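Q: build me a model:
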Amino acid sequence: MTIADLAKIEGRRYPARRHTQSMAGDAQPIKPKNFAMGHVTLDPKGGQVPWHNQDQEEVYFIIEGNAEMCLGTERQTLKTGQMVYIPGGVFHQLTNIGETPLRMMYCYAPGGDVAHWRQELAGTLPKAGVDAPDLPPGAQPQCTDKPS
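A: Model (predicted):
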């Protein structure tokens, strides 16, 4: 039996004010062939999974908190207990709009690498309205800060 223990997975801190702990995937404790899954904590008031797209289908499940979800041309608020489906190839962004940390799980399939993690660390994410489609009207701005 293989068990991934969130308390023992260090994870990684990203410039957009989030901490990601991958639990299932190629280089993780659980190595499924067909999906990847992990836990993310977004800092209060603006922690973010910045505007990006990827080939894989994905879902975000909000464990705790309130977020603005942008998906293509849509923008909606998500809250504790809600899950959103993200089709492959569609630009999306999740921003914590609450006063407390937001906790969520992601799962995407098929598994494998997603470029936006490397792009964010390198400061090369496609910029909304420049290298990528515009964010929906009224959306929180995309974090494209380079690591310090």
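
Q: got a list of contacts for the stretch of helix or strand residue 121 belongs to?
A: Following DSSP states H and E, one finds residue 121 within helix 115-122. With CB atoms under 8 Å, 6 or more residues apart in numbering as the test, helix 115-122 has contacts from 12, 14-16, 20, 50, 52-54, 125-126, 146-147. The way it works is simple: take the backbone N, C-alpha and C, and place the C-beta from them, glycine included.

Q: buried ones in that helix?
A: 116-117, 120 (16 or more other CB atoms under 10 Å).

Q: what's the average pLDDT for stretch 114-129?
A: Averaging pLDDT along stretch 114-129 gives 92.

Q: end to end on it, go ahead and measure it.
A: One end of stretch 114-129 to the other measures 21 Å (CA to CA, to the nearest Å).

Q: and for stretch 88-106?
A: 14 Å.

Q: sorry, back to before: now the buried residues of helix 115-122 in TSV, with distance to residue 139?
A: Output for the buried residues of helix 115-122, formatted as TSV (distance: CB to CB, whole Å):
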residue	distance to residue 139
116	17
117	21
120	18
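
Q: out of those, which comes closest to residue 136?
A: residue 116 (18.3 Å; CB to CB).

Q: from residue 5, how far off is that closest one?
A: 26 Å (CB to CB, to the nearest Å).
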